[in-house]
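>>> The amino acid sequence is not available; the structure is as follows:
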C-alpha cells in the first residue's frame, strides 16, 4: 500500500479537490472536496457516492476497504470538522460516530479493521478501532507530508513511519509487539509503501534515485532499485497484489515498473 493519497489542499482553486486516495485494495478511491467527499469505483469507473457535509471542506478521506466506515479530517475552513480532529464517519447512518482530538493538525489517517492511525507532524498515534483507546505513541522527525504505511491484511498488522532521525524508518509489528529501526537512506524519507500482506516495505528518499525493499519480519534489506541518476520527487510507490512488481511515479512525469526478486528462490 502506498503511504498516502494526493493532497491537493494547497491548490490554487481551494473550492475544488483537496485530496485523492485509494482504499486498501485499490478497488475504489475517495475524493475530499470543498463541500464534502465522493467515492469512485475503479472498474468499471463510476461515481459510487457523494456526501455534502455542512461546515466546510474535507482535506483527508480514508476508506476501510468498501465498507460504510470512513475517517475524515476537515480542511482549515471547516467549522464543524477542524483539521486537528479525526472524525469516524458511518455512512450507513450518515453521521459521525467517533472523534479523536489533538492539539496539532492531523497530517494523515490510516485504517485497518482493528486500528486507527493518526499522523501528526512529530508523532504517530495508534488507536483501537473498537473503542478508540490509544495503544501506542511514536515520536518521529518532522513529517509534514504525513508519511505512514499500514498493512491492511488480516495476517499481520504492520506499521511503517519515519523514525526519530533523518533517513530512518520505524517498523512496528503490532501483533508481535516488535520494533525494527531501519537506516533506509541518508536523506530524509519522501515516500514509503507496504504490500498487502505487510511482508515487504519499500522506501524512497528526497533524492529519489534509489528505492530500497525490506523484509518486515526481520528488517533486512532485500533489494536496491535505481530509478535514475537525476534527483526526482517521488509521488507514489505501489506493489502489485503478488508483490512481484513495484511501480514508482515521480514529479518528472514518469512511471517506472521494477521486477522484484524472491529472496527464497
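Good, I have the coordinates. From a predicted model like this one, the values you see are computed outputs, not experimental measurements.

>>> Residue 181: which element?
Secondary structure assignment for residue 181, by DSSP states H and E: strand 178-183.

>>> Flag every buried residue along that strand.
Within strand 178-183, the residues scored as buried using 16 or more other C-beta atoms under 10 Å are 180, 182. The C-beta positions use only the backbone N, C-alpha and C, and glycine is treated the same way.

>>> Any regions of the stretch 51-200 of the chain where pLDDT drops low?
Low-confidence segments of the stretch 51-200 of the chain (pLDDT under 70): none present.

>>> residue boundaries of the strands in it?
58-63, 69-74, 85-90, 95-101, 108-112, 115-119, 123-128, 134-139, 149-150, 158-162, 168-173, 178-183, 189-194, 200-205 (DSSP state E, counting those that start in this stretch).

>>> so what does the last one touch, helix or strand wise?
With contacts taken as 3 or more C-beta pairs under 8 Å, 6 or more residues apart in numbering; DSSP states H and E, strand 200-205 sits against strand 168-173, strand 189-194, strand 210-215, strand 234-239.

>>> quick revisit: run the angle between the strand holding residue 181 and strand 210-215 for me.
Using axes from the mean of the first three to the mean of the last three C-alpha atoms, to 10 degrees, one finds that strand 178-183 and strand 210-215 are set 160 degrees apart in direction.

>>> Touching, residue 112 and residue 151? I think so.
Yes: with contacts defined as C-beta atoms under 8 Å, residue 112 counts as touching residue 151 at a distance of 7.3 Å.

>>> Which neighbours do the two have in common?
Residues touching both residue 112 and residue 151 by C-beta atoms under 8 Å, 6 or more residues apart in numbering: residue 157.

>>> So the two - more neighbours on which side?
Per other C-beta atoms under 10 Å, whichever of residue 112 and residue 151 has more neighbours is residue 151, with 26 against 21.

>>> With adjacent residues omitted, what lies nearest to that one?
In space, and not counting its chain neighbours, residue 151 is closest to residue 198: 2.8 Å by C-beta to C-beta, 6 or more residues apart in numbering.

>>> The one you found reaches residue 154, doesn't it?
No: in this structure, residue 198 is not within contact of residue 154 by C-beta under 8 Å, at 10.1 Å.

>>> Compare those two and say which is more crowded by neighbours.
residue 198 (26 against 10).

>>> Next up, the contacts around that one.
151, 153, 155-158, 216.

>>> run the last query once more with 10 Å
When contacts are counted by C-beta atoms under 10 Å, 6 or more residues apart in numbering, residue 198 touches 1, 112, 149-153, 155-160, 171, 173-175, 216-217.

>>> next one: residue 194
Residues near residue 194 by C-beta under 10 Å, 6+ apart: 1-3, 148-153, 158-160, 171, 200-202, 214, 216, 237, 239, 243.

>>> For stretch 63-70, measure first residue to last.
End-to-end distance for stretch 63-70: 5 Å, by C-alpha to C-alpha, to the nearest Å.

>>> Show me what counts as buried in that stretch.
For stretch 63-70, burial by neighbour count (16+ other C-beta under 10 Å) applies to 63-64, 69-70.

>>> Mind putting these into a markdown table with distance to residue 164?
Output for the buried residues of stretch 63-70, formatted as a markdown table (distance: C-beta to C-beta, whole Å):
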| residue | distance to residue 164 |
| --- | --- |
| 63 | 30 |
| 64 | 29 |
| 69 | 32 |
| 70 | 31 |
